[in-house]
Structure formats: structure tokens, C-alpha cells
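Trainee: I would like to see how this sequence folds:
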Amino acid sequence: MLTSMLTRKLAVAVLGPRMSYGNSGAKGGGEFTHKLYFDPRADQSDTGGYWITDDQLREKLANLIDTEERIQKASVYSHPLSSLQVTNALLFHAFIIMETNNWWWSIEKNSECITIQRSKKLESVRDMYQRKKRTTGFGPLTKIRKNETTEGGNTTIKELINYIWRKDCLNDVYHLLEANCQTFAAMVFDRIKSPYNDQVYFDEAADQPRYSANSCYMNVDQVFSEVQRLSASETFTRLEIYKVSIKSWNIPDFFVPNFLVLFRQISGFFLHHYFVIFETDEGTYWSFERLPTRFTIQRARNKDILLKECQRKSRDTFLVKANLEKSNVAVWQDMNAVLEFIWKGKIRDIFYLPAAFCGQTALRIYDQFKRK
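Mentor: Numbers count the residues shown, from 1 in each chain. Model (predicted):
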């Protein structure tokens with residue numbers, strides 16, 4: 001509920017103080033289909049579009065477009081809901097227009113679906129919706145109107161698709177007040193304008209030399225892209241969970257709440273950190289863990305590195321080794337499934353657990369991905 005309230009406030013800031021809850025681009029009514037309609041050449045009459053489900057979203061779009069294109073600019077547009085209107089001020093449909101080096105794009109939500117259109121011509125996505133003219137009314141106050149523009153913030157099309165996917169937008173049923181065209185447009189515009197600082201430490205070759213560990217930090221949507229690329233041919237075969245004493249854990253005290261610092265100084269042997277290591281059929285290993293300030297994902301061919309180091313620093317300042325707690329055959333999945341389990345709403349409460357319970361993340365992952 002809090003999230004929806006914040007989104008509505010953002011929509012007011014972006015789209016204006018008087019919101020309407022319109023449900024149409026060129027169409028209105030109907031039941032939400034939980035699908036995305038993609039038109040790759042909206043400026044050509046002899047091409048058609050694709051209907052894509054949530055399960056197909058990232059892979060199918062990646063096969064249809066160059067997902068590495070970077071968004072140069074994005075704008076919020078609006079138009080009236082009815083041709084009988086004399087102004088857009090109260091009732092309007094909102095959508096986003098994006099510009100990349102090679103294309104113009106539109107993205108929007110209505111009561112039927114989410115639609116993405118691509119064209120070489122701005123007017124084909126700005127003035128048209130699924131090959132039909134957008135609604136306009138009487139006079140200059142009911143034209144298609146640009147409301148606000150932002151720079152692209154170095155966001156790629158793929159990152160934006162990942163964001164829409166992990167926010168479960170296709171499964172978020174259209175709602176007149178809390179999940180309408182304007183809240184969706186505001187959410188997309190805000191993501192492009194101010195990329196979320198939900199940084200993850202991701203090291204795809206933790207056992208290989210690297211110039212700087214700083215280059216391992218990236219946002220969640222970038223991590224989804226990198227993991228999708230690397231794990232496409234890697235399937236889990238086994239998983240293990242390890243325990244290491246927090247007293248020996250090489251993390252500065254300023255990352256840890258004061259009460260935990262004091263407690264670990266007095267009785268550090270009671271507190272432990274847990275992390276998971278997956279083995280794959282390609283002879284690679286992945287570690288996944290939550291630290292007090294962020295998630296850390298590492299990949300290597302040398303498993304010992306993952307046991308001895310976290311973020312290229314030793315885990316064992318007092319020569320206390322990580323101990324194997326559990327081991328099991330893994331389900332036939334890959335690291336993409338782990339990311340979905342964490343970030344697509346399966347265990348949302350894990351983000352609110354205090355640092356002292358970081359190990360709960362590893363334990364839940366182990367229970368989810370062990371062979372039953």
C-alpha cells in the first residue's frame with residue numbers, strides 16, 4: 001500500500017496536480033490480458049506485432065530487438081480519453097516516448113495490456129497506438145501534449161525491460177486508482193530519470209585478476225542482464241550452504257548496527273553468517289549472499305576462492321574457515337531463477353530483516369533450490 005501511495009504522489013509530480021484514472025490509449029474497457037504487445041516497426045504497414053507473456057518477456061524481446069540500445073531521452077505525453085473533451089487537464093491517458101540512437105519508442109499501459117512500439121518516425125508512436133490514431137478532442141487544449149522530458153541516465157532498453165519484468169507489471173492487474181496508465185508512466189519515467197541505487201556486488205570471474213573491485217558494483221537490472229548472459233548454458237547440479245563466524249568476518253564495524261558490534265565483541269562465536277554455493281554442469285561455481293549493506297553474487301571456476309574471499313577480501317581474518325553446513329543435489333535451474341526468487345516478490349520480507357539475520361537469505365535459497 002505504501003508503494004502505491006508513493007507512486008501516486010510521483011505521478012502527481014510528473015503529470016500534474018489533478019489526476020484522472022483513464023484506462024485507454026486507443027482502446028478502452030476489456031479485461032487485462034497479462035500480456036505485452038510489441039510492434040517492432042510501427043511505421044511500416046506490412047508488419048505486425050507480437051503478443052508476449054511474462055514468462056517470455058525478457059528472452060523473446062531480446063531475440064526481436066537490440067536490447068543494448070541506450071535511452072537518450074524520455075518524455076511523458078498525454079492525450080484526452082474522449083474526443084468530446086475540451087481540455088486534457090482532468091481526464092487523460094499518459095504514455096512514455098523514448099529516443100535511442102536508431103529508434104523512437106513508446107511504452108504504456110491500459111486496461112487491456114502493456115504496449116511497446118518502435119519506429120523510425122516519431123509520429124508513428126506518438127500519434128498512433130496499435131496502428132490507430134490516438135484520441136484528441138476539440139481545440140488546442142486537447143492535442144497530444146508533451147509534459148516532461150529527462151535524459152536517459154545511461155539506461156539500456158534491456159535494463160528497462162528487466163525492471164518492468166521484476167516489478168511484475170504484467171501480473172499487476174489494471175486498477176482504476178492504483179495501477180492505471182498514469183502510475184505506470186510515472187514509474188517508468190522515474191526509473192529512467194533516476195536509476196535506482198539498489199546496488200549489487202557482482203563478480204563474474206572472482207578467481208581471475210581484476211583491475212578494480214569498484215567495477216563490480218551495478219544496479220539490479222544490470223545484474224539480471226549479466227546473469228542471463230552468463231548462465232544461459234549453465235545448470236545447477238549441486239548446492240551447499242556454508243557458515244562463517246561473524247567475529248572473523250572481515251567487514252568494518254561501521255557497516256553493522258551498534259548493538260550487533262557490541263554483541264559480537266562479547267560473544268561473537270554465537271553469531272554466524274551463511275552463504276550458498278552452487279555447482280553447475282559447466283564446472284563453474286556461484287556464491288550468493290546478503291551482507292548488511294547489499295547482496296553479493298560471485299562466479300568462479302575455482303571454488304576455494306569463493307570459500308576464502310568475499311568481494312576480493314579474505315573472510316578469515318582470524319584463520320577461522322568457512323564450514324560446510326549442508327549439501328544437496330540442486331533442482332534443474334540456473335542463477336536466473338535465484339534472482340527471480342529474491343527480486344520478483346517471492347520473499348519481499350528478506351529486505352527488511354536486520355543485518356544480524358543476513359543468513360536467513362541463504363537458508364531460504366537453500367530450501368528453495370535443493371532437490372526435494
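Trainee: Ignoring the adjacent residues along the chain, who's closest to T149?
Mentor: Excluding the flanking residues, the one nearest T149 by C-beta to C-beta, 6 or more residues apart in numbering is S75, at 4.3 Å. C-beta: built from backbone N, CA, C; applies to glycine.
Trainee: Now do stretch 234-242, average pLDDT.
Mentor: For stretch 234-242, the mean per-residue pLDDT is 97.
Trainee: residue contacts, Q222?
Mentor: 159, 202 (C-beta atoms under 8 Å, 6 or more residues apart in numbering).
Trainee: Quickly find the element holding it.
Mentor: If you go by DSSP states H and E, Q222 is part of helix 220-230.
Trainee: and if you look at S287?
Mentor: Here S287 is assigned to strand 285-290, by DSSP H and E.
Trainee: all strands for the stretch 51-200 of the chain, in order.
Mentor: 73-80, 92-99, 104-109, 114-119, 128-129, 132-133, 145-151, 199-203 (DSSP state E, counting those that start in this stretch).
Trainee: next one: the stretch 201-350 of the chain
Mentor: Per DSSP E, counting those that start in this stretch, the stretch 201-350 of the chain carries strands over the ranges 217-219, 236-245, 272-280, 285-290, 295-300, 309-310, 313-314, 323-329.
Trainee: Now render the ones you listed as a markdown table, adding distance to Q368 and mean neighbour count.
Mentor: Formatted as a markdown table, the strands of the stretch 201-350 of the chain follow (distance: least, C-beta to C-beta, whole Å; neighbours: other C-beta atoms under 10 Å):
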| stretch | distance to Q368 | mean neighbour count |
| --- | --- | --- |
| strand 217-219 | 24 | 16 |
| strand 236-245 | 10 | 20 |
| strand 272-280 | 10 | 22 |
| strand 285-290 | 11 | 24 |
| strand 295-300 | 16 | 22 |
| strand 309-310 | 22 | 22 |
| strand 313-314 | 28 | 12 |
| strand 323-329 | 12 | 14 |
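Trainee: Least confident of the ones you listed, on average?
Mentor: Of all those, the minimum mean pLDDT falls on strand 313-314 (a mean of 86).
Trainee: Give me the distance between that one and the centre of its chain.
Mentor: On the basis of C-alpha atoms, centre = their mean, to the nearest Å, strand 313-314 sits 29 Å off its chain's mean C-alpha point.
Trainee: partners of it in the sheet?
Mentor: Sheet pairing for strand 313-314, assigned by DSSP bridges, gives strand 309-310 (antiparallel).
Trainee: pLDDT weak spots in the stretch 151-300 of the chain?
Mentor: The model of the stretch 151-300 of the chain has pLDDT under 70 over residues 197, 212-214, 246-271.
Trainee: Now with 90, please.
Mentor: By pLDDT under 90, the low-scoring segments of the stretch 151-300 of the chain are 152-154, 166, 172-179, 194-199, 209-215, 231-232, 243-273, 290-294.
Trainee: you'd agree V223 is up against F202?
Mentor: Yes. Counting by C-beta atoms under 8 Å, V223 touches F202, with 5.0 Å between them.
Trainee: hmm, back to that, report the inter-axis angle for the helix holding Q222 versus strand 285-290.
Mentor: 160 degrees (axes from the mean of the first three to the mean of the last three C-alpha atoms, to 10 degrees).
Trainee: Alright, that wraps it up for me.
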